[in-house]
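Chemist: need coordinates for the below:
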Amino acid sequence: MPMNIAIDGPVGAGKSSIADQVAARLRILHLDTGAMYRALALQVLREGIDPGDEAAVCDCCERADVAVRYEDGAQRTLLFGEDVSGLIRTGEVSAAASRVSSWPAVRARMVRAQQALAAQADMLIDGRDIGTRVLEHAPVKIYLTATAEERARRRYMQQLERGDMTPYEQVLRELNARDAQDMSRATDPLRQAEDAVLVDSTEMTPQQVVDTIVAIVEEAYGKQ
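Modeler: Have a look, this model is predicted:
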């Protein structure tokens, strides 16, 4: 059986960057499921579809060719063969991804794809329903979070580095709105799995978070 590790948590918790480092330490692959939803959201926007139009979004999902490949252990997200890894991190795509990921047919298709990938190789998967839906029986489940204010501060600083001058107050409002949407959706809402370990990174450095998660994995699987 492949090693499967699930990391869930709200937007801005640093799941992707932390998961990258943990996977590198463990020498396994990291699947960023959020990037898959973002790629679909990008296609929805490109086609001029309203992310709130369930029928149109689900039709787009059936047609969209979303895939991942790994280069030097890092995930690249592909849309119809185009590497869109650098195009799916905007606020507009993020907001659209939250909407399109709420539709049951979209989530069902993505979950099947994610489970198929996890069955093939040792893999760490991060997202919002990994421990509760995608990898329900994973021996290691982590719920990574931080206060809304700290998560908004981190996102604000990341956006500044990219030249995005969106005010912190707006970033915080958008983050709180995303939290509400993710936690209240009817299908696979964001929540901590009953058997997940809570890791609150508010007062932790990234290295401390990585060390904490690696220690949890090593306790479950033994040292790699």
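Chemist: C-alpha from now on. contacts and neighbour counts both.
Modeler: OK.
Chemist: assign a three-state SS to Leu124, would you?
Modeler: strand (DSSP: H, G, I helix; E, B strand; the rest coil).
Chemist: same thing with Ala23?
Modeler: Using three-state DSSP, the structure places Ala23 in helix.
Chemist: what about it, how many residues close to it?
Modeler: Residue neighbour count, defined by other C-alpha atoms under 10 Å, stands at 22 for Ala23.
Chemist: local confidence estimate at it?
Modeler: Looking at Ala23, its pLDDT stands at 95.
Chemist: try the one 10 residues further on
Modeler: Reading off the confidence values, Thr33 has pLDDT 91.
Chemist: and if you look at Lys223?
Modeler: Lys223 is assigned a predicted lDDT (pLDDT) of 65.
Chemist: over to Asp188?
Modeler: Asp188 carries a pLDDT score of 87 in this model.
Chemist: what about it, which SS state?
Modeler: At Asp188 the chain is in coil, as set by three-state DSSP.
Chemist: from Ala177, how far out is it?
Modeler: Per C-alpha to C-alpha, to the nearest Å, Asp188 is found 17 Å from Ala177.
Chemist: now Met36
Modeler: 21 Å.
Chemist: which one's more surrounded, these two?
Modeler: For the pair Met36 and Ala177, the greater number of neighbours falls to Met36 (24 against 13), based on other C-alpha under 10 Å.
Chemist: for the more buried one, give its distance to Ala152.
Modeler: 22 Å.
Chemist: ok, for Ile5, nearest residue in space, not its chain neighbours?
Modeler: If the residues on either side of it in the chain are set aside, Ile5 comes closest to Leu124, at 4.6 Å by C-alpha to C-alpha, 6 or more residues apart in numbering.
Chemist: for Arg191, same thing?
Modeler: Once chain neighbours are set aside, the closest to Arg191 by C-alpha to C-alpha, 6+ apart is Met183, at 6.7 Å.
Chemist: which strand or helix spans the one you found?
Modeler: When elements are assigned from DSSP states H and E, Met183 belongs to helix 168-184.
Chemist: poorly predicted segments of the chain, please.
Modeler: Confidence mapping of the chain against pLDDT under 70 gives the ranges 223-224.
Chemist: switch to 80 and redo it
Modeler: Counting by pLDDT under 80, the chain contains low-confidence ranges at 1, 73, 223-224.
Chemist: I'd say the residue nearest to Arg191 and Pro189 touch.
Modeler: Yes. Under the criterion of C-alpha atoms under 8 Å, Met183 lies in contact with Pro189, with a separation of 4.9 Å.
Chemist: residue contacts, Gln75?
Modeler: His30, Leu31, Asp32, Val68, Arg69 (C-alpha atoms under 8 Å, 6 or more residues apart in numbering).
Chemist: relative to Gly127, how far out is the third one?
Modeler: I take that to be Asp32. Counting by C-alpha to C-alpha, the separation of Asp32 from Gly127 is 7 Å.
Chemist: show me where this structure has strands.
Modeler: Along the chain, the stretches classed as strands by DSSP state E are 4-8, 29-32, 66-71, 74-79, 82-83, 123-127, 140-145, 197-200.
Chemist: redo those as TSV? Include distance to Arg112.
Modeler: As requested, those are exported to TSV (distance: least, C-alpha to C-alpha, whole Å):
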stretch	distance to Arg112
strand 4-8	15
strand 29-32	14
strand 66-71	13
strand 74-79	17
strand 82-83	22
strand 123-127	13
strand 140-145	19
strand 197-200	25
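Chemist: indicate which one of those strands is closest to Met110.
Modeler: Comparison of those against Met110 by C-alpha to C-alpha identifies strand 66-71 as nearest, at 9.4 Å.
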